[in-house]
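S.K.: fold the stuff below for me.
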Amino acid sequence: MILGYLVRKINILFLVFIITGCSTVKNNISNLNGVFLNEEVICPLIRTPEGSGELVAISKTNNNTSYVGFRGIKKKCFLSNDNIKMNLAVNLRSVRKNFQNDDLIKLKISLVSIKINNIEFDRDDFELGFFLKSGSEIVERELNMSIFIPKDGKVYIGLFQN
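M.R.: Numbers count the residues shown, from 1 in each chain. Here you go, the predicted model:
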């Protein structure tokens, strides 16, 4: 009976010790916000240079044409020192009239940030072999990109055929 009482008290003390220890660790981590955790901020506007938001691409294998364009862009931005880190999920869509055969379109997507004086700051180029399966009139593909942006900078994204 006394032994059961002591075990119960020890378990309660152990639980209090763990809860107290965890709250201290959480407070220490939140105080190191700039080191381990980045503050989420509003993303800058993404611009598309004229003629690079969509294109009519010619496939490498069958010489067929396909309309290719951005279907959507999801963005998340975090403050990182004096810059903003932008993570993107870019969704591309291809629509084609002749979809009886497999096709391949070689594309390049460029994501660029510039300083206020129009000097390039950071770049993420993604070269893509966009495979179009036979029988599929519409094909979508999502890819991830990221760059750093100066606080007063601008962001551009463009689609080009290789």
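S.K.: going forward, measure contacts between C-alpha atoms and count neighbours the same way
M.R.: Will do.
S.K.: for Asn117, helix, strand, or coil?
M.R.: Here Asn117 is recorded as coil under DSSP: H, G, I helix; E, B strand; the rest coil.
S.K.: quick check: it vs Leu45, distance?
M.R.: Applying C-alpha to C-alpha, to the nearest Å, the value for Asn117 to Leu45 is 17 Å.
S.K.: sketch out the low-pLDDT regions of the protein for me.
M.R.: Across the chain, the ranges flagged by pLDDT under 70 are 1-38.
S.K.: regarding it, what is its longest strand?
M.R.: strand 65-80 (DSSP state E).
S.K.: neighbouring strands of that one in the sheet, and parallel or not?
M.R.: Looking at strand 65-80 with DSSP bridges, its partner strands are strand 39-41 (antiparallel), strand 54-58 (antiparallel), strand 83-96 (antiparallel).
S.K.: with only the CA atoms kept, save whichever helix or strand comes after the last one in PDB.
M.R.: In other words, strand 83-96. For strand 83-96, the succeeding helix or strand toward the C-terminus, using DSSP states H and E, is strand 103-114. In PDB, the C-alpha atoms belonging to strand 103-114 read as follows (Å, rounded to 0.1, in the frame of the first residue of the first chain):
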ATOM      1  CA  ASP A 103       4.900  13.500 -77.400                       C
ATOM      2  CA  LEU A 104       7.700  15.300 -75.700                       C
ATOM      3  CA  ILE A 105       8.000  19.100 -75.300                       C
ATOM      4  CA  LYS A 106      11.200  20.600 -74.000                       C
ATOM      5  CA  LEU A 107      10.600  23.700 -71.900                       C
ATOM      6  CA  LYS A 108      12.400  26.000 -69.600                       C
ATOM      7  CA  ILE A 109      10.800  27.900 -66.800                       C
ATOM      8  CA  SER A 110      12.800  30.800 -65.300                       C
ATOM      9  CA  LEU A 111      12.100  32.400 -62.000                       C
ATOM     10  CA  VAL A 112      14.200  35.600 -61.400                       C
ATOM     11  CA  SER A 113      14.400  38.200 -58.700                       C
ATOM     12  CA  ILE A 114      15.900  41.600 -59.400                       C
END
